[in-house]
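Undergrad: sequence first, then the predicted structure, then my questions.
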Amino acid sequence: MTTSPVKPAFLSSGEDLGVVAVAFSGGQGKGGVDAGPDALIKAGLLDDLKEDLGYKLHYDGLIHSYDDLIPSHDPPIDNMKRPTACSKVNARLHEQTYEHASQGRMVLTLGGDHSIAIGSISGVARGIRERLGKPLAVIWVDAHADLNTFETSPSGNVHGMPVAFLSGLCKHDVFSWLTEQCLIPADKLVYIGLRDVDRGEKKLLRDNKIKAFSMHEVDRYGIGKVVDMALEYIGDDTPIHLSFDVDACDPVHAPSTGTPVRGGLTLREGDYICEALHQTGKLVGMDLVEVNPMILAKEGGADTWQVAETVRTGCSLVRCALGESLL
Ligand SMILES: NC(=[NH2+])NCCC[C@H](N)C(=O)O
Ligand SMILES: [Mn+2]
Ligand SMILES: [Mn+2]
């Protein structure tokens, strides 16, 4: 595998990469997703980025569990489960990604459940706003829209709500630290891969005219055309953050995740999205979330091969987004 050097449009260099590893699972109820970053790193992901792709890593060497921020008693508020932990962890993560982004670095956040996108994306968005005076666009690749408000959520799990908070469609005192500069305008948000969208989320998508390419559009147009259309919609002059939930990929390639949904992206379709976004030179941040190396073991059907496959998929997606190419 080789690198195809792409000149980044919105970063200070093509080689500086900020990395934050987040061992947080409080955005949903299943343990083990906090072990995701360790599994990805143990599989050699960061070494590959350094040795094969030539990045200069800005990484503190820690896998943050933020234990000091997690209260022992954290009762639901307005249907949101573990609200205080979710807010405090994300507020801290926000400062970490903001610090990298404001130095002009690409920012990679390894989760953790998808609630951590509240912190990772808001930090990058604020850094980009301050540095370039521009909004941040987000391409959200996921089986789920994660657009529930605390009022529409059927589960109360915050990992099903990050986009509602990040877009400002939903506001709550719990996340009062999310200021205007942190937000993603609804017309700079694009989904790819959706196939399990709740009723309330469908209404929000429609009412706010949010751009979404479900698996239906992937089938109809092919992934190449879908990514072209997504990029055209965002426009040329906007930095892009890629938030990749590993469950966007079909459970064949990513079985070890908390909320798998049949009928997903092939490994190549997932990798293609990442490769194509890298080639734009406009990528400024990425999250890779919801790798849960323990879930299958917990559910009684431990299959180490399936765990390894999921980790392998996660590593491949990140490498592709950071410039690995087939030739
Ligand atoms: N990041 C995820 N895997 N999210 C799954 C969300 C599932 C469901 N829509 C909910 O709100 O609870
Ligand atoms: Mn998902
Ligand atoms: Mn998600």
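TA: Perfect, I can see it now. Numbering: from 1, shown residues only. Ligands and ions are numbered 1, 2, ... in the order given.
Undergrad: which one is the residue of the stretch 51-200 of the chain found nearest ligand 2 nearest to, not counting chain neighbours?
TA: Relative to ligand 2, the nearest point of the stretch 51-200 of the chain is residue 144 (3.7 Å; C-beta to the ion). In this view, the C-beta of every residue, glycine as well, is placed from N, C-alpha and C. Counting by C-beta to C-beta, 6 or more residues apart in numbering, residue 144 lies nearest to residue 196, which is 5.5 Å off, once chain neighbours are set aside.
Undergrad: now swap in residue 293 and tell me
TA: Closest to residue 293 by C-beta to C-beta, 6+ apart is residue 39, at 4.3 Å.
Undergrad: what number of residues lie near that neighbour?
TA: Using other C-beta atoms under 10 Å, residue 39 is surrounded by 22 other residues.
Undergrad: what does residue 261 give?
TA: Neighbour tally, residue 261, other C-beta under 10 Å: 18.
Undergrad: how far away is residue 29 from residue 46?
TA: 29 Å (C-beta to C-beta, to the nearest Å).
Undergrad: for residue 33, give its distance to ligand 3.
TA: Distance of residue 33 to ligand 3, computed by C-beta to the ion, to the nearest Å: 11 Å.
Undergrad: so what's that residue up against?
TA: In this structure, residue 33 makes contact with 25, 111, 112, 113, 257, 258, 290, 291, 292, 294, 295, judged by C-beta atoms under 8 Å, 6 or more residues apart in numbering.
Undergrad: filter those residues down to the ones near ligand 1?
TA: Among the contacts of residue 33, proximity to ligand 1 is found for 258, 290 (C-beta under 6 Å from any ligand atom).
Undergrad: ok, the contacts of residue 33 vs ligand 3, which is closest?
TA: residue 290 (6.0 Å).
Undergrad: so residue 148 is in which element?
TA: Using DSSP states H and E, residue 148 maps to neither a helix nor a strand.
Undergrad: okay, and which of the contacts of residue 33 map to strands?
TA: Judged by DSSP state E, strands contain none of the contacts of residue 33.
Undergrad: what's the burial count for the closest residue in space to residue 275 that isn't next to it in sequence?
TA: Nearest residue to residue 275 in three dimensions, chain neighbours excluded: residue 320, at 4.7 Å (C-beta to C-beta, 6+ apart). Using other C-beta under 10 Å, the number of residues around residue 320 comes to 21.
Undergrad: verify the stated contact: residue 320 with residue 271.
TA: Yes - using C-beta atoms under 8 Å, residue 320 is in contact with residue 271, at 4.5 Å.
Undergrad: about what we covered before: OK, contacts around the residue of the stretch 51-200 of the chain closest to ligand 2?
TA: Here residue 144 is in contact with 160, 194, 196, 197, 245, 247, 259, 261 (C-beta under 8 Å, 6+ apart).
Undergrad: one more pass at 7 Å, please.
TA: When contacts are counted by C-beta atoms under 7 Å, 6 or more residues apart in numbering, residue 144 touches 160, 196, 197, 245, 259.
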